[in-house]
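**Student:** Test case, fold it:
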Amino acid sequence: MERIENEIREICKNFSRNFPLKNTTSFRTGGNAEYIVFPSSYSEIVNLFSLCKKHNLPFFIIGKGTNILVSDDGFDGIVISTLRMRKINMEKEEITVSYTHLRAHETSLHLVCRLLLE
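**Tutor:** Alright, predicted model coming up:
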């Protein structure tokens, strides 16, 4: 775990370990996340996805935490919070985001992240 934590730190300085997810949801439910990361750029998100893939780590993307219930058992993986991001700039690529494609708990950033994973 220390190795993974060091790799997370290299990607994104703003993260916590054993973070109480109840502090991020409007329903105030949820156990601890093994890690929560607050990326501030597109490259940090891409590098976090690569890290999760490399180590076969489960991850979950969360925005403002509304309309979402988190288990009191927590999440044994990396929670990627887009709360501190407002937009994603990608050079030479333009992604048009339509709110008709969003799931109930998603922001436009979630849709972009899903598109990047496909």
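**Student:** Strands of the protein, start to end?
**Tutor:** Taking DSSP state E, the strands of the chain run over residues 15-20, 32-37, 59-62, 75-81.
**Student:** Make TSV from the ones you listed and add mean neighbour count to it.
**Tutor:** C-beta: built from backbone N, CA, C; applies to glycine. Shown next, in TSV, are those (neighbours: other Cβ atoms under 10 Å):
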stretch	mean neighbour count
strand 15-20	15
strand 32-37	22
strand 59-62	20
strand 75-81	21
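**Student:** Using TSV, lay out the ones you listed together with mean pLDDT and distance to Glu5.
**Tutor:** Compiled in TSV, those are given as follows (pLDDT from 0 to 100; distance: least, Cβ to Cβ, whole Å):
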stretch	mean pLDDT	distance to Glu5
strand 15-20	96	7
strand 32-37	97	7
strand 59-62	88	15
strand 75-81	94	11
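**Student:** roughly how far is stretch 3-16 from the heart of the chain?
**Tutor:** Its chain's C-alpha centre lies 13 Å from the corresponding centre of stretch 3-16 when counted by Cα atoms, centre = their mean, to the nearest Å.
**Student:** follow-up on the earlier one: could I get the strands of the chain as JSON lines with distance to Ser50?
**Tutor:** Rendered in JSON lines, the data for the strands of the chain read as follows (distance: least, Cβ to Cβ, whole Å):
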{"stretch": "strand 15-20", "distance to Ser50": "16"}
{"stretch": "strand 32-37", "distance to Ser50": "13"}
{"stretch": "strand 59-62", "distance to Ser50": "11"}
{"stretch": "strand 75-81", "distance to Ser50": "12"}
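**Student:** Thanks again, I'm all set now.
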